[in-house]
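Participant: I'd like to go over a predicted model; first the sequence, then the structure.
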Amino acid sequence: MIHLEVLTAESSVVSTDVDSVVATTVDGQVGILHGHVPLVTVLQPGELVLRTGEREAYLAVSGGFLRVTPRGIIVLADACEYAEEIDVERAEAAKRRAEQLLEAGALETDEATVEAALRRSIARLRVADMYRLKTRRRVLPAP
Ligand code: ATP
């Protein structure tokens with residue numbers, strides 16, 4: 001097991017022991033198990049998957065930093081929500097808003113901000129989908 005802390009400016013979102021973590025970094029997805037080499041990396045908007053035994057939890061992280069030390073993993077996130085807390089309509093509205101602004105092409109200094117908002121909304125929608133698919137699989141009768 002490896003200890004995981006996920007912190008935002010507002011709260012501690014996760015403080016638990018897990019078997020493994022998969023995080024979305026600027027260099028792609030990274031899987032972390034107990035004994036991983038020390039690491040500091042930058043997260044991009046995406047999913048954080050926690051596995052413990054047969055259980056999996058999905059979180060959307062909007063960016064931040066991930067640090068692995070011999071004591072565990074620390075994620076400092078700009079924002080982070082468990083899949084089941086994601087307001088899908090809000091994320092869809094944020095995605096539409098960002099897409100419309102980018103399509104209108106009236107942006108100059110703001111473009112990176114709007115693109116970041118678009119990536120956050122896409123990450124939230126993907127994590128909400130992962131959760132929906134998982135719960136759907138669970139309720140299907142055995143073949
Ligand atoms: P919006 O434009 O809808 O506010 P945003 O990407 O600008 O989205 P953030 O600045 O990343 O929002 O987050 C602000 C706060 O709102 C954070 O606490 C974050 O966890 C929460 N949040 C943002 N979008 C959602 C969502 N779709 N569902 C649940 N919580 C959300």
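Facilitator: Nice, I can see it.

Participant: hey, where'd the strands end up in this structure?
Facilitator: Under the criterion DSSP state E, strands of the chain are mapped to 2-7, 12-18, 20-25, 28-33, 39-52, 55-61, 64-69, 72-77, 80-82.

Participant: Residue 99: which of the ones you listed is closest?
Facilitator: Across the strands of the chain, the minimum distance to residue 99, taken as Cβ to Cβ, is reached by strand 39-52, at 15.1 Å. The C-beta positions use only the backbone N, C-alpha and C, and glycine is treated the same way.

Participant: pLDDT of the longest helix along the chain, averaged?
Facilitator: The single longest helix within the chain, with elements called by DSSP state H, is helix 111-139. On average, the pLDDT along helix 111-139 is 90.

Participant: Give me the angle between that helix and strand 20-25.
Facilitator: 150 degrees (axes from the mean of the first three to the mean of the last three Cα atoms, to 10 degrees).

Participant: Helix 111-139 - contacts with which helices or strands?
Facilitator: Using 3 or more Cβ pairs under 8 Å, 6 or more residues apart in numbering; DSSP states H and E as the contact definition, the elements that helix 111-139 packs against are strand 39-52, strand 55-61, helix 88-104.

Participant: again, 10 Å this time
Facilitator: Helix 111-139 sits against strand 39-52, strand 55-61, strand 80-82, helix 88-104, with contacts defined as 3 or more Cβ pairs under 10 Å, 6 or more residues apart in numbering; DSSP states H and E.

Participant: follow-up on the earlier one: do you know which of the strands of the chain lies nearest the ligand?
Facilitator: Closest approach to the ligand among the strands of the chain (Cβ to the nearest ligand atom): strand 80-82, 4.7 Å.
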